[in-house]
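# return a 3D structure for these sequence lines:
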Amino acid sequence: MNLSSRSLGLALLLLLLFLGTAVTLQWWLRRETRQLQGMAVEDLRGRLARTVAVSGRTPDQWDPGFLRELGAMLGASVEVYRTETTPAVPAAAGSVLQFTQEIAGSPDWRLRVTFAPPALIRVQILHQRILAAIVLLSLLLAIVPLLLALLDSRRALGPDSGTRSPWSSARASAVGMEHFAKISYERTAALAQEHDARLRAEQDLQVNRTLLDRSVDERIRLGRELHDNICQTLYAVCLTLESVQKKNTLAPELSQRVDQCMTELRRLNQEVRSFLQQLEPARMHGQSFAGALTGLIKSFTMDEEVRIEQRLDEEAVALIPSAQFPEIMNILREAVSNSLRHGRARHITLLAGRNDQQIALAVQDDGAGFVPARPRPAAGHGLGNMQARAAALGGSLRIESVPGKGTRVLLTLPVASPS
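Here you go, the predicted model:
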């Protein structure tokens, strides 16, 4: 066997090894894609079951608006139907994932959920197609040196073979095979690095998903605890005071003090219920910032002497992501509550403005004011919670106040870059 035959045999062997590796990797990627699709379906099943349980509605009470809101929360399309009927299959059923699920407590109803595959699965499918294209390209690149080696071997057998060096053809084939082996090694290393990066991204996604589920469950549990304990206790105390007041045996001064206590308890109960509403995960969905702010203002019990004014820049408000509404409303609610309770303000102004880099929201009042740098003995966790919420949003919170001249709370947020 001459050098040219050995070179061709080595080239074929390397080509077969590369093809075997590529086919194995393609099969593995397909298996991983199916597993990820199954994980995505099971994850959505769990989220759907928790959301339906929290809603407390029966299927016959689900109107189109509720189904749209439910689908928006899950990032999917939700259909409800009875077991004896089967809805039509969507036209794009081949490009989406879907499943059916029974409704707990309603055996005569079924839910069909249709959703787009997660971005990671789409990337993996694209990776499979790129890998197939690389295999085809490698075949074409491998055929070229083989043809060149065949041409050189034929020329070596021609009449002028005696005038050529017997090692020139072998040397050229060896250089070509070395280059081909180097390219194959680099591509294999790149595929391994990409696989490791994908695994790390998948693990990070799973951790974030677990933390998000725990956060939602904790918010629901906290809301139930507050409702069952604090709200019910406040209501019971109000009933007790009302029964004492109905006896008409108290002195006028004591009766007035009882009225003040009942008024304060009702106000506190309303504030706790407003906070409970903010613990609901889907409260802000589909609501504009101005609408949420109007609802916040209405949640406060005010006398006729208190006036709250809004001066909102519509362009600035439009730049605020809806996902940030709950945290921003909690900050504004705490600021307005402090103005009414501690500052005894009579005029409160809510402002919103922006520049190219930042969005500014401010709560300004004409209350008693205080010295921000001086710690107050009666101060609670309100200011610290506001600072923590602002930091979680990626912004900052600054409090400006002068005794006797009011207070201004300034929340600054970065402008989100367009996706």
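
# surely Glu271 and Ser337 touch.
Yes: with contact defined as CB atoms under 8 Å, Glu271 reaches Ser337; the gap is 6.8 Å. The way it works is simple: take the backbone N, C-alpha and C, and place the C-beta from them, glycine included.

# what's the following helix or strand after the helix or strand bottoming out on mean pLDDT in the chain?
The weakest-scoring helix or strand in the chain, judged by mean pLDDT, DSSP states H and E, is helix 119-156 (a mean of 71). Where DSSP states H and E defines the elements, the next helix or strand beyond helix 119-156 is helix 168-226.

# so for that following helix, what's the average pLDDT?
The predicted model assigns helix 168-226 a mean pLDDT of 80.

# and it, how far out from the chain's middle?
Centroid displacement of helix 168-226 relative to its chain, using CA atoms, centre = their mean, to the nearest Å, is 21 Å.

# now for the helix or strand just after it, which elements pack on it?
Using DSSP H and E, the next helix or strand after helix 168-226 towards the C-terminus is helix 232-246. In terms of contacts (3 or more CB pairs under 8 Å, 6 or more residues apart in numbering; DSSP states H and E), helix 232-246 is packed against helix 252-278.

# next, the angle helix 168-226 makes with the helix it packs on.
160 degrees (axes from the mean of the first three to the mean of the last three CA atoms, to 10 degrees).

# could you give the average pLDDT over helix 252-278?
In this model, helix 252-278 has an average pLDDT of 77.

# for stretch 342-360, same thing?
The model assigns stretch 342-360 a mean pLDDT of 91.

# would you mind measuring the gap between the ends of that stretch?
Terminal residues of stretch 342-360 lie 24 Å apart, using CA to CA, to the nearest Å.

# okay, now the nearest residue to Phe115 once chain neighbours are set aside: neighbour count?
What sits nearest to Phe115 in space, not counting adjacent residues and going by CB to CB, 6 or more residues apart in numbering, is Ala76, at 3.4 Å. Neighbourhood size, Ala76 [other CB atoms under 10 Å]: 20.

# next: the one 5 residues further on.
When neighbours are defined as other CB under 10 Å, Tyr81 has 14 of them.

# and the one 4 residues further on, by the same measure?
For Thr85, the tally of surrounding residues (other CB under 10 Å) stands at 7.

# and it, helix, strand or coil?
coil (DSSP: H, G, I helix; E, B strand; the rest coil).

# what distance do you get for it to Phe99?
Applying CB to CB, to the nearest Å, the value for Thr85 to Phe99 is 18 Å.

# could you do Ser106 as well?
17 Å.

# equivalent analysis for His127, please.
Distance of His127 to Phe99, given as CB to CB: 25 Å.

# these two: who's more crowded?
Taking other CB under 10 Å, His127 and Phe99 do not tie; His127 has more neighbours (18 against 15).

# now that one: closest residue in space, sequence neighbours ignored.
Leu29 (6.5 Å).

# element containing that neighbour?
Judged by DSSP H and E, Leu29 forms part of helix 3-55.

# I'd like the next helix or strand past that helix.
Next helix or strand after helix 3-55 toward the C-terminus (DSSP H and E): helix 64-74.

# roughly how far out does that following helix sit from the chain middle?
How far helix 64-74 lies from its chain's middle: 17 Å, per CA atoms, centre = their mean.

# state the mean pLDDT of the helix or strand just after it.
Once helix 64-74 ends, the next helix or strand along the chain (criterion: DSSP H and E) is strand 77-82. Mean pLDDT, strand 77-82: 82.

# in strand 77-82, which residues are buried?
Using 16 or more other CB atoms under 10 Å as the test for burial, strand 77-82 gives Ser77, Val78, Glu79, Val80.

# so what strands line up beside that strand?
Here strand 77-82 has these sheet partners by DSSP bridges: strand 106-115 (antiparallel).

# now do the buried residues in the strand it pairs with.
Buried residues in strand 106-115, counted by 16+ other CB under 10 Å: Ser106, Trp109, Arg110, Leu111, Arg112, Val113, Thr114, Phe115.

# I figured the second one hits Val52, correct?
No: here Trp109 lies out of contact with Val52, judged by CB under 8 Å, at a distance of 10.6 Å.

# name the residues contacting each of those two.
Listed as contacting both Trp109 and Val52 by CB atoms under 8 Å, 6 or more residues apart in numbering are Ile103.

# just want the angle from the helix holding Leu29 to helix 64-74.
Using the same axes, to 10 degrees: helix 3-55 against helix 64-74 is 140 degrees.

# any idea how far Thr294 is from the spatially closest residue to His347 that is not a sequence neighbour?
The shortest distance from His347 to any non-neighbouring residue, by CB to CB, 6+ apart, is to Asp366 (4.8 Å). Going from Asp366 to Thr294 by CB to CB gives 22 Å.

# more neighbours: which of these two?
Set Asp366 next to Thr294 and count neighbours by other CB under 10 Å: Asp366 wins out with 17 against 13.

# what residues are up against the more buried one?
Asp366 neighbours (CB under 8 Å, 6+ apart): Ala345, Arg346, His347, Ile348, Gly406.

# quick check, nearest of these to Leu15?
Closest to Leu15 out of the contacts of Asp366 is Ile348 (77.2 Å), distances taken as CB to CB.
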